[in-house]
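Peer 1: coords please:
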Amino acid sequence: MTNPAKTPSQTTGAPAGDRIAKVLSRAGVASRREAERMIQLGQVAVNGKTIDSPALNVTDRDRITVDGQPIGQPEPARLWLYYKPDGLVTSNNDEKGRDTIFDHLPADLPRVMTVGRLDLNSEGLLLLTNDGGLKRTLELPSTGWLRKYRVRVNGNPTDPDLEPLRRGITIEGEKFQPMIVVLDRIQGANAWLTVGLREGKNREVRRAMAAINLTVNRLIRVSYGPFRLGELTPGEVTEVKGRVLRDQLGQRETPEDTVAPKPRARPSGPRIAKPKAGAVSGAKSGTRSPSRTRAAPATSPRSRQRPPKGE
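Peer 2: As a prediction, this is how the structure comes out:
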């Protein structure tokens with residue numbers, strides 16, 4: 001009698017399923033890094049047994065709980081555009097007790113993670129997602145998406161003064177890739193610049209400007225790849241429609257995006273309203289506008305991951 005066909009995992013010796021941290025991330029519990037931390041703190045159990053190492057593969061047959069509560073099924077990947085105000089920390093919590101963005105997001109927003117970060121004194125476009133895999137994809141250097149900033153500096157630089165940034169400079173032994181730098185206008189003692197970069201080094205724009213003796217006194221991120229701040233105002237959130245998101249990521253359209261959505265009850269949280277045009281670039285004519293809501297203080301701070309460094 002012939003032996004039954006072996007599964008790929010049996011043939012290769014690889015364990016079945018996915019890593020526990022990846023499963024938790026896909027379920028919207030936390031980023032992979034934060035999920036690994038939760039495991040080490042003893043917050044995660046598999047089939048009733050608390051685990052202390054993320055080196056574990058699980059399948060759909062396993063029962064996973066976090067703090068005693070079963071995790072939900074993975075939801076479709078979603079993406080939001082958020083205008084981060086100046087003065088908020090992009091972190092799940094702050095050791096100095098300062099307000100974080102998660103203290104001021106709409107109460108009806110699901111558990112989300114940030115794509116990269118913006119500094120305390122920086123403002124503008126910050127991407128939020130419920131999906132750890134999408135977060136990782138958008139943050140990978142290989143994605144190579146251009147991030148644009150409107151930058152106000154103290155001083156009256158001339159175009160040649162900015163040339164070192166366009167060629168690429170080295171600061172304290174760290175090499176910075178060439179930037180796109182355009183001198184827009186001089187305004188009294190200040191100048192406005194448009195800066196484009198593809199890296200995400202810590203405080204990259206501020207450090208680069210300081211290297212040519214310019215001090216940044218306002219920094220606004222206006223785009224992240226194809227996604228634009230548009231006419232969002234500080235504290236507002238708008239969701240990117242699934243079809244637009246897949247368009248930008250090169251994914252195929254799915255049937256649910258070709259039919260009109262079913263009407264749903266108005267949420268109990270902040271009022272949802274259509275945003276003005278221009279929040280997302282690359283959307284085709286006729287694409288439905290994403291919904292937008294002004295951020296409101298959450299009923300209670302929620303656990304969030306600490307995002308990677310960035311401008």
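Peer 1: Pass me the low-pLDDT residue ranges in the stretch 151-300 of the chain, would you?
Peer 2: 251-300 (pLDDT under 70).
Peer 1: Would you mind pointing out the helix or strand Ala77 falls in?
Peer 2: Per DSSP states H and E, Ala77 falls between elements, in no helix or strand.
Peer 1: for the stretch 101-250 of the chain, what spans make up the strands?
Peer 2: Shown for the stretch 101-250 of the chain, the strands assigned by DSSP state E, counting those that start in this stretch span residues 113-115, 123-129, 147-154, 170-171, 174-175, 180-187, 190-197, 215-224, 227-228, 236-240.
Peer 1: quick one: buried residues of the longest one?
Peer 2: Okay, so that is strand 215-224. Residues of strand 215-224 classed as buried: Val216, Arg218, Leu219, Ile220, Arg221, Ser223, Tyr224 (neighbour count, 16 or more other Cβ atoms under 10 Å). Quick note: C-beta positions are derived from backbone N, CA and C, even for glycine.
Peer 1: what about it, distance to the chain center?
Peer 2: 17 Å (Cα atoms, centre = their mean, to the nearest Å).
Peer 1: got a list of contacts for that strand?
Peer 2: Residues outside strand 215-224 that contact it (Cβ atoms under 8 Å, 6 or more residues apart in numbering) are 115-116, 118-119, 121-127, 138, 145-155, 190, 205-206, 209-210, 228-229, 281, 311.
Peer 1: what distance separates the start and the end of stretch 19-32?
Peer 2: The first residue of stretch 19-32 is 10 Å away from its last residue (Cα to Cα, to the nearest Å).
Peer 1: could you give the mean pLDDT of that stretch?
Peer 2: For stretch 19-32, mean pLDDT rounds to 82.
Peer 1: Any chance you could list what contacts it?
Peer 2: 17-18, 35-36, 38-39, 44, 46, 51, 54-58, 64, 66, 71-75, 110-111, 113, 130-133, 135-136, 303-305, 307.
Peer 1: Could you rerun that using 7 Å?
Peer 2: Residues outside stretch 19-32 that contact it (Cβ atoms under 7 Å, 6 or more residues apart in numbering) are 35-36, 38-39, 44, 46, 54, 56-58, 64, 66, 71-72, 74-75, 110-111, 113, 130-133, 135, 305.
Peer 1: Against Asn57, how distant is Lys22?
Peer 2: Distance of Lys22 to Asn57, computed by Cβ to Cβ, to the nearest Å: 9 Å.
Peer 1: quick one, which of these two is more surrounded?
Peer 2: Using other Cβ atoms under 10 Å as the criterion, Lys22 and Asn57 rank with Lys22 on top: 18 against 15.
Peer 1: any idea how far the helix or strand containing the more buried one is from the chain center?
Peer 2: Using DSSP H and E, Lys22 sits in helix 20-26. Distance of helix 20-26 from the chain centroid (Cα atoms, centre = their mean) equals 17 Å.
Peer 1: ok so, going back, would you mind listing which of the contacts of strand 215-224 are buried?
Peer 2: 115-116, 118-119, 122-127, 138, 147-153, 190, 205-206, 209, 228-229, 311.
Peer 1: I figured Asn130 hits Leu109, correct?
Peer 2: No - in this structure Asn130 lies outside contact range of Leu109 using Cβ atoms under 7 Å: 9.1 Å.
Peer 1: so what's Lys175 bridging to?
Peer 2: Thr170 (DSSP bridges).
Peer 1: number of nearby residues for it?
Peer 2: Lys175, neighbours per other Cβ under 10 Å, totals 10.
Peer 1: circling back to that earlier point, which of the buried residues of strand 215-224 lies closest to Gly242?
Peer 2: Tyr224 (18.2 Å; Cβ to Cβ).
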